[in-house]
Structures are given as structure tokens and as C-alpha cells.
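A.B. asks: give me coordinates for this.
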Amino acid sequence: MTGRPARTARRVDVGDRNVPQRNLAESPLAWLARRKDKDGRPMLSEEEFEAGEKLRADFWFAQMTPRVTANWSLLLSGGGGSRGAPDIGPDVRDSVIAAHERVKRALAAVGPDLAGVLIDVCCHLKGLEASEKACGWPQRSGKIILQIALRQLARHYGMLPQPAQANDARPVRVRHWGASDYRPHIDAGQV
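C.D. replies: So this is what the prediction gives:
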């Protein structure tokens, strides 16, 4: 074993309360994280996998998943009126809004070109083939694009270091193939 956690189910502890287990067998990311590339390394690093799962959790907590039935929660709670249950709406709404903001910032950090594949694979749990077809990409290109998107997402979350900037403070050294005493000749007759 490489020290990686089991990918079947996991209990997530949040403070002093337990959150229900996640079934990682349904996640396309977990499937990719279990696979090895031609060199025997995992297709996704632990940071990339965790970044995708964090986006998935925020997407779910923000209630951005599509509904397939009617929303009965307001009818059952009564909205805090005299005949309904006590209103817990403001606390729930604040956490939903915060999760929604985290999703928006994460998708803005990776950019519009990579956000689509993250939403498809991490949030809607679509397979790579379906995402490739929807985006019009060539076959087997989705894996590479997803890896790039997850790497950017992990950098946004601070799980990976930021890459060195091309225009940082280091001086640029110009190299040429000539000898140390080489001097170019300028012919005044030619332009």
C-alpha cells in the first residue's frame, strides 16, 4: 500500500459532529485516483483528488445540484409561522450562501475553460466520456484536461504551491552559441 486512504467510503469529521459517510465508489475521481499511469504512478495525486472532493462537497452544500422532484422543505417547516416548526432558515441560508461563494471563487480561479469539466466530473458525477462528448473534445483528452483543472483547483485551495512566475525578480540570462570572443560583423553595405 502507498499510504493512500481506502476509496470506498469515508467518514468526515467536522468539529465535534460527524457528517454522513460519502460513497466514493460513485465518484469518477475515485476511479481515476485508483488507476495508475504507464509509469505506475496514480493518475491523480492525493491533493488533486481532495480538491475535487472539496469542490463536490461545497457544490452539494450550496444546494446547486439539480432537483428531480419538488422542494417540500418550506411546506414541511412552515417557514417559522405559528403552525410550523421553528425557523432555522437564516443559519442554513448563511452556510448555503458561503458554500455557493466558495464554489464561485474556485471556478473563477480555474477559469471558464476548465470549470466545465470540473462541474461535469466532480459535481454532476458524469464520466469523462460524456464530458468529452459534451465539450466536443477528442477521445481520451478529458483525462489530461481534468488533471490540469484539478491541479489548478488544488493550487486555489492552497494544497499545492503556486508555480514560479515567468516575470519574477530573477535576472534573465541571454545565451548564444558563439565563442566567448565572438563579435558579430555588421556590413554597412547591406540592409
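
A.B. asks: can you give me the helices in the chain?
C.D. replies: Along the chain, counting by DSSP state H, helices occupy 28-34, 46-61, 73-77, 89-110, 112-118, 128-135, 142-156.

A.B. asks: so where's the protein shaky on pLDDT?
C.D. replies: Filtered on pLDDT under 70, the chain yields the residue ranges 1-24, 71-92, 165-178, 188-191.

A.B. asks: so Arg151 is in contact with Met159, correct?
C.D. replies: No. The criterion here is CB atoms under 8 Å, and Arg151 misses it with Met159 at 9.6 Å. No exception for glycine: its C-beta is placed from N, CA and C like everyone else's.

A.B. asks: what is the burial count for the nearest residue to Gln152 once chain neighbours are set aside?
C.D. replies: Leaving out its chain neighbours, the residue that sits closest to Gln152 by CB to CB, 6 or more residues apart in numbering is Val110, at 4.4 Å. Using other CB atoms under 10 Å, Val110 has 22 other residues around it.

A.B. asks: got it, and Thr65?
C.D. replies: Using other CB under 10 Å, Thr65 has 13 neighbouring residues.

A.B. asks: and His185, by the same measure?
C.D. replies: His185 has 4 nearby residues by other CB under 10 Å.

A.B. asks: if we can go back for a sec, so the residue nearest to Gln152 sits against Ala154, correct?
C.D. replies: No. Using CB under 8 Å, Val110 is not in contact with Ala154, being 10.0 Å away.

A.B. asks: for the residue nearest to Glu132 when sequence neighbours are not counted, give me its contacts.
C.D. replies: Closest residue to Glu132 apart from its sequence neighbours, by CB to CB, 6+ apart: Gly142 at 4.3 Å. Residues near Gly142 by CB atoms under 8 Å, 6 or more residues apart in numbering: 117, 121, 128-129, 131-132, 135.

A.B. asks: do the same with Leu153
C.D. replies: Shown in contact with Leu153 (CB under 8 Å, 6+ apart): 48, 51-52, 55, 106, 109-110, 118.

A.B. asks: what do you get if the cut-off is 6 Å, keeping everything else the same?
C.D. replies: Applying CB atoms under 6 Å, 6 or more residues apart in numbering, we find Leu153 in contact with 51, 110.

A.B. asks: what do you get for the one 3 residues further on?
C.D. replies: Listed by CB under 6 Å, 6+ apart, the contact set of His156 reads 106, 109.

A.B. asks: against Arg105, how distant is it?
C.D. replies: 8 Å (CB to CB, to the nearest Å).

A.B. asks: try Pro163
C.D. replies: Distance from Pro163 to Arg105, by CB to CB: 19 Å.

A.B. asks: next one: Lys126
C.D. replies: Taking CB to CB as the measure, Lys126 falls 23 Å from Arg105.

A.B. asks: looking at these two, which one has more neighbours?
C.D. replies: Lys126 (17 against 11).

A.B. asks: who's in contact with the more buried one?
C.D. replies: Asp120.

A.B. asks: about what we covered before: could you identify the most distant pair in the contacts of Gly142?
C.D. replies: Largest separation among those by CB to CB: Val117 and Glu129, giving 12.2 Å.
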